[in-house]
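1. build me a model:
(2 chains)
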Amino acid sequence: MASEKASSGVAFKGTPEQKEQLLAVIAEKKDEPGALMPILQAAQGIYGYLPIEVQTIIAEEMDVPLEKVYGISTFYAQFSLYPKGENQISVCLGTACYVKGSGQVLERIEKELNIATGQCTGDGKFSLDACRCVGACGLAPVMIVNGDVYGRMTPDQVPGILAKYK
Amino acid sequence: MADITLKINGMEVTAPAGSTILEAARLAHIRIPTLCYLKEINEIGACRICVVEVKGARTLVTACVYPVSNGMEVWTNTPRVLAARKETLKLLLSDHDKECLSCVRSGHCELQALCQEYGVDDAHEFDGIMNKFELDTSAPHMVRDNNKCILCRRCVAACEKFQSIGVIGANNRGFKTNIGCAYDMPLGDTACVDCGQCIAVCPTGALYEKDDTDAVFAAIADPQKTVFVQTAPAVRAALGEEFGFEIGTPVEGKMAAALRRLGFDGVYDTNFGADLTILEEAHEFLERVKNGGKLPLITSCSPGWVKFCEHYFPDMTENLSSCKSPHQMQGAVMKSYLAEKKGLDPKDIVTVSVMPCTAKKFEHIRDDQDATGYPDVDIVITTRELARMIRRAGLDFANLPDEKFDDPMGEYSGGAVIFGATGGVMEAALRTAVYWLTNDDVNTPVDFTEVRGNKGIKEATYEVAGIKVRVAVASGLANARELLTKVQKGEAQYEFIEIMACPGGCINGGGQPRVSAEVRNFTDYRAKRASALYGLDKDAPIRKSHQNESLKKLYAEYLGEIGGEKAHHLLHTTYVKRGLYK
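-> Below you'll find the model as predicted:
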């Protein structure tokens, strides 16, 4: 079993401006004790996620092994190694949705897109997240794509909905 | 600071201030078990095997990191303590591959030993979901089997603290925590230098060298092949530990006898290659000094160090001596000079090197290590693998007679045998360089004690025939990094530097018999192993490499000039500049 988080496979599209921003943050915080955490937070703010290209910049500037940066980024759930997709899918795993079977809906989406929750497809089209109660328990189970809410979901409805966004 | 007085198990104990409970108990001859604790490099109190009761403390405390104080009362063996340790072991086993029968570590696994000691009678009490990891076999020298990892982080500490490399670490969290590389890269794609210090400190069978013993047995059994074996200086200082000898017992004679009984066609000593290296390297050094070549000259015997230089100090690869390491030199000579002497075709010769080193498993497959058109060395096995072969062949090692190596590559000087300890190559090179500069073998020193000993970085200055030679010796790559950073910044100047990847040199190589944490934490096993080599040096009939008669013959009959064209073709190599990431 590989780690849950690994390389995203999505081509890195960082800009020189983003890099400049990141280098400025590193320069500012470099000598503070425990600087890696706030730097990683800032990096995620700048790029939206923490791909190898970004972590390598941090490792080299901070003069620490890449593995040290990666270890921290996989320890804390707030850090993501995957970008958000053009289409962002969210499946509610709140109590009501969960007992109504949103777990199976999520599983079906993972299967259809061939990614795990938290990841993004290699073409950058879809990213998938689980969330807690979205306040639409009457429609349980619920999934949301780019803000469109789909209620009373069954796993078999998944392919049809995804097709609309392809 | 004043000593601390406390009570352990009702007995009064005095310990130096700053001691931990573990250390104080040791002074009172009470052993507290440990798993994650490695003195100075991994003091994290994580595994909780060392828990003890302390009067007034709300919970059990970890003895490995808990400091003693005056009037403290400690109990190390109450039912509560013993039950907690047993429970911890069972929990470790709940996510541990328990295939002990086929585990390379069975019989000397620290986890297995503790389970027996604490009477773990049900290894499956907490059976449930288990992690399933794929084996990482990507590196040339080793295998990582995370299914046997107990997350003690000793390997991580060795990689980061001893070696300043840090290509492995803990990824993910909670139940999914695993030791691996950044972005789950295979180890073989990282800037790992193959030193094997992670293997040396692993308490279980999670890390082990790639085993090449079957290939050696097969070569020996092949009637078409002539199989020559050579053993590195440091192997004789530690092999005995695998067969019940005290640490620091030299077993050169029994080792030669065992190799002969394993069926090798020629049993040779890498010490010969070490003497050869000294002639070539001391020559190279004096040439560089005379002709304004690149200085400092840095030794190239340690393939872990060479790869480290290529990855982390690529600007300094020109400082590396172009000399191959001793066993590669000797392999090249076996397939040329020795082949000619014995009327053999080099294609029918298999050269096997027994090394204290896992990085040699990479070195022998590097480019430019095949002077005759065939690999200088075909197979590298570690000291541990040789012990395995001796056991498998049913040899009663402890009672074997003491035998000699075969001629002509069995003769060696005292300078060669100390290659196995940090400072040894430097000392041997100085012995010969001083002779060449003074042309005097009688009134010049043999012992250069300034470069001996276990200190991470050693320095000395010698004045010979009007030439000032500033030398430095470093072992352990963290020390090497410190030293070279100073050189790069111009804060220190030297003409000659010796670097060994492993702390203490080859006697503590990643392929040597494992030393349990219990012994590591409380014994200077490196000094004991080194003393075995310095003892052999002291008693050697000749002490200086240039006095080796077989070597003189090799140059006279075959190689020609030291540092000459033929010597260069056979005995020297090239380096590459590597990046940090693939």
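2. going forward, measure contacts and count neighbours with C-alpha atoms only.
-> Will do.
3. what residue of chain A is the furthest out?
-> Relative to the mean C-alpha coordinate of chain A, counting by C-alpha atoms, centre = their mean, the farthest residue is A:Asp31 (29.3 Å).
4. in a helix, that residue, correct?
-> No. Counting by DSSP: H, G, I helix; E, B strand; the rest coil, A:Asp31 is not found in a helix; it is coil.
5. need the contact list for B:Asp269.
-> B:Asp269 makes contact with B:230-233, B:405, B:409-412, according to C-alpha atoms under 8 Å, 6 or more residues apart in numbering or on different chains.
6. let's see 6 Å
-> B:230-231, B:410 (C-alpha atoms under 6 Å, 6 or more residues apart in numbering or on different chains).
7. then A:Met143?
-> Counting by C-alpha under 6 Å, 6+ apart, A:Met143 has contacts A:90-91, A:150.
8. can you tell me which of those are in strands?
-> A:90-91, A:150 (DSSP state E).
9. turn those into JSON lines, columns for neighbour count.
-> Listed next are those as JSON lines, based on neighbours: other C-alpha atoms under 10 Å in any protein chain shown:
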{"residue": "A:Ser90", "neighbour count": "23"}
{"residue": "A:Val91", "neighbour count": "27"}
{"residue": "A:Tyr150", "neighbour count": "16"}
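10. closest to B:Gly453 among the residues you listed?
-> Looking at the ones in strands among the contacts of A:Met143 and their distance to B:Gly453, the nearest is A:Ser90, at 62.7 Å (C-alpha to C-alpha).
11. how near is the residue nearest the centre of chain B to chain A?
-> In chain B, the residue lying closest to the centroid (C-alpha atoms, centre = their mean) is B:Gly509, at 0.3 Å. Using C-alpha to the nearest C-alpha, to the nearest Å, we find B:Gly509 at a distance of 23 Å from chain A.
12. surely that residue is in contact with B:Cys357?
-> Yes. Counting by C-alpha atoms under 6 Å, B:Gly509 does reach B:Cys357; the two are 5.1 Å apart.
13. need the contacts of B:Asp269 in CSV (columns: neighbour count, distance to chain A and secondary structure).
-> CSV is the format used below for these (neighbours: other C-alpha atoms under 10 Å in any protein chain shown; distance: C-alpha to the nearest C-alpha, whole Å; DSSP: H, G, I helix; E, B strand; the rest coil):
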residue, neighbour count, distance to chain A, secondary structure
B:Gln230, 29, 37, strand
B:Thr231, 28, 35, strand
B:Gly410, 18, 44, coil
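14. got JSON lines for the residues you listed, with pLDDT too?
-> JSON lines is the format used below for these (pLDDT from 0 to 100):
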{"residue": "B:Gln230", "pLDDT": "98"}
{"residue": "B:Thr231", "pLDDT": "98"}
{"residue": "B:Gly410", "pLDDT": "90"}
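15. these into CSV, with extra columns for distance to B:Val156?
-> Listed next are the contacts of B:Asp269 as CSV, based on distance: C-alpha to C-alpha, whole Å:
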residue, distance to B:Val156
B:Gln230, 32
B:Thr231, 30
B:Gly410, 39
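16. which residues sit in contact with B:Ile41?
-> Shown in contact with B:Ile41 (C-alpha under 6 Å, 6+ apart): B:Ala157.
17. quick revisit: could you check the pLDDT of the residue farthest from the centre of chain A?
-> pLDDT for A:Asp31: 93.
18. what sits against it?
-> A:Asp31 makes contact with no residue, according to C-alpha under 6 Å, 6+ apart.
19. now the residue of the stretch 251-400 of chain B found nearest chain A: closest residue in space, sequence neighbours ignored.
-> Nearest residue of the stretch 251-400 of chain B to chain A: B:Tyr312, at 11.4 Å (C-alpha to the nearest C-alpha). Distances taken as C-alpha to C-alpha, 6 or more residues apart in numbering or on different chains put B:Leu580 closest to B:Tyr312, at 7.2 Å, once the chain neighbours are dropped.
20. tell me which helix or strand that neighbour sits in.
-> Assigned by DSSP states H and E, B:Leu580 belongs to neither a helix nor a strand.
21. isn't it right next to B:Ala191, touching?
-> Yes. Using C-alpha under 6 Å, B:Leu580 makes contact with B:Ala191 at a distance of 5.4 Å.
22. of those two, which one has the most company?
-> Higher neighbour count among B:Leu580 and B:Ala191: B:Ala191, with 21 against 15, using other C-alpha atoms under 10 Å in any protein chain shown.
23. distance-wise, check the more buried one relative to B:Val51.
-> Per C-alpha to C-alpha, to the nearest Å, B:Ala191 is found 37 Å from B:Val51.
24. now do B:Lys39
-> Distance, B:Lys39 to B:Val51, using C-alpha to C-alpha: 17 Å.
25. higher neighbour count, these two?
-> Set B:Lys39 next to B:Val51 and count neighbours by other C-alpha under 10 Å: B:Val51 wins out with 28 against 14.
26. what sits closest to that one if chain neighbours are left out?
-> Among residues not flanking B:Val51 along the chain, B:Thr62 sits closest, at 4.4 Å (C-alpha to C-alpha, 6+ apart).
27. quick one, what contacts the one you found?
-> B:Thr62 neighbours (C-alpha under 6 Å, 6+ apart): B:45, B:50-51.
28. what ranges do the helices span in chain A?
-> For chain A, the helices defined by DSSP state H cover A:16-29, A:36-47, A:52-62, A:66-75, A:95-99, A:102-113, A:158-165.
29. out of the ones you listed, the one nearest chain B is which?
-> Closest approach to chain B among the helices of chain A is made by helix A:66-75 (4.3 Å; C-alpha to the nearest C-alpha).
30. any low-confidence regions in chain A?
-> Low-confidence segments of chain A (pLDDT under 70): A:1-8.
31. make it 90
-> A:1-11, A:77-78, A:84, A:118, A:122, A:132, A:134, A:147, A:166 (pLDDT under 90).
32. could you list the domains of it?
-> As assigned by automatic domain parsing, chain A contains the domains A:16-75, A:87-165.
33. and the longest one, how far apart are its ends?
-> End-to-end span of domain A:87-165 (C-alpha to C-alpha): 7 Å.
34. one more: the shortest one?
-> Length of domain A:16-75, first residue to last, C-alpha to C-alpha: 28 Å.
35. now that domain: how far from the chain's centre is it?
-> On the basis of C-alpha atoms, centre = their mean, to the nearest Å, domain A:16-75 sits 17 Å off its chain's mean C-alpha point.
36. what's around residue 40, how many residues?
-> If you meant another chain, say so; for now it's chain A. Here the number of neighbours of A:Leu40 (other C-alpha under 10 Å) works out to 24.
37. wait, I meant chain B there
-> Other residues within reach of B:Glu40 by the criterion other C-alpha under 10 Å amount to 9.
38. next: the one 3 residues further on.
-> Counted by other C-alpha under 10 Å, the residues lying close to B:Glu43 total 14.
39. next one: A:Gly135
-> Neighbourhood size, A:Gly135 [other C-alpha under 10 Å]: 12.
40. and what of B:Glu565?
-> If you count neighbours by other C-alpha under 10 Å, B:Glu565 ends up with 12.
41. quick one: pLDDT of it?
-> On the pLDDT scale, B:Glu565 is placed at 96.
42. ok so, going back, any idea how far the residue farthest from the centre of chain A lies from A:Lys111?
-> A:Asp31 is 45 Å from A:Lys111, by C-alpha to C-alpha.
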